[in-house]
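>>> This is a predicted model, with the sequence first.
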Amino acid sequence: MGRSFWPQAVGILVIVVGVVLLLNAVGVHVGNVLGVLFAALVIVVGLALLRRSRRPVRPTFQDRFFGNLRVTEGWTGADATYQVGAGELVLDLTKAPASEGERAIEVNVVVGRAEVIVPKDLALTVDAEVIVGAARVPGQQSGGLMRRLTYASPDYATATRRVRLNVDVTVGELVVRQAG
């Protein structure tokens, strides 16, 4: 399936709005620190969108610009990409039959919340990044700016069924948990 257009379009729009706000904040209200910080945040969100738009799209691809995306039975065990612009993404892998071998899942949320639920018997490695917000993966949690968390289940290297999960949240919350 082709690459989604919306991350690039929204990324460019957000960068333009951020630059305009930054110029306005510097030129008109020199002492407006809050305006400058908000403009910088908007620019960071735009840059994150552009960076994500260059990543490869997996064979299974679902995205939602606004609103919630819930995948509870749609994952078939193949490599996949799931994206939400603003809203919540819930990916429940507990009911899906993961085939043998390693599968890659990409999860991207620009503004909102991402929750991934994984069965305990599925080996998992997580590479998660949250630019502004909070993140929780098995055994770790962190909040603030520019947070990166990694996790690998103890049996990942030897397991016959494995999932490599890459999660990016620009502004919001990330939760990766094992069911049961």
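The structure has been received and is ready for your questions. Numbering: from 1, shown residues only.
>>> Tell me the helix or strand right after the helix or strand Q141 falls within.
When elements are defined using DSSP states H and E, Q141 is found to belong to strand 140-152. Elements were assigned by DSSP H and E; along the chain past strand 140-152, the next helix or strand is strand 161-179.
>>> what pairs with that next one, and is each one parallel or antiparallel?
Note on strand 161-179: by DSSP bridges, its sheet partners are strand 101-119 (parallel), strand 123-137 (parallel).
>>> With mean neighbour count as added columns, please give those in JSON lines.
Every residue, glycine included, has its C-beta placed from N, CA and C. Output for the strands paired with strand 161-179, formatted as JSON lines (neighbours: other C-beta atoms under 10 Å):
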{"stretch": "strand 101-119", "mean neighbour count": "21"}
{"stretch": "strand 123-137", "mean neighbour count": "20"}
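>>> Save those as a markdown table, and put in mean pLDDT too.
Output for the strands paired with strand 161-179, formatted as a markdown table (pLDDT from 0 to 100):
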| stretch | mean pLDDT |
| --- | --- |
| strand 101-119 | 90 |
| strand 123-137 | 90 |
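>>> L23: which of these is closest?
Shortest separation from L23 across the strands paired with strand 161-179 is recorded for strand 123-137, at 22.2 Å, computed as C-beta to C-beta.
>>> can you list the residues that contact that closest one?
Under the contact criterion C-beta atoms under 8 Å, 6 or more residues apart in numbering, strand 123-137 has outside partners 41, 44-45, 48, 118, 138, 141-153, 155-156, 159, 161-178.
>>> For PyMOL, write the select line for the buried members of those.
The following PyMOL line selects those of the contacts of strand 123-137 that are buried, judged by 16 or more other C-beta atoms under 10 Å:
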select buried, resi 41+44+45+48+118+147+149+151+153+159+161+162+163+164+165+166+167+168+169+170+171+172+173+174+175+176+178
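>>> Any stretches of the protein with poor pLDDT?
Residues of the chain meeting the criterion pLDDT under 70: 1-13, 16, 20, 28-37, 48-65, 73-77, 97-98, 180.
>>> Could you chop it up by domain?
Per the record, the chain has its domains at 6-53, 60-179, by automatic domain parsing.
>>> Now the strands paired with strand 161-179 in a markdown table, please, with extra columns for distance to N68.
Formatted as a markdown table, the entries for the strands paired with strand 161-179 read as follows, by distance: least, C-beta to C-beta, whole Å:
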| stretch | distance to N68 |
| --- | --- |
| strand 101-119 | 8 |
| strand 123-137 | 17 |
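>>> To L22, which of those lies closest?
Nearest of these to L22, taken as C-beta to C-beta: strand 123-137 at 17.1 Å.
>>> Report the inter-axis angle for the closest one versus strand 140-152.
Orientation check (axes from the mean of the first three to the mean of the last three C-alpha atoms, to 10 degrees): strand 123-137 against strand 140-152 gives 160 degrees.
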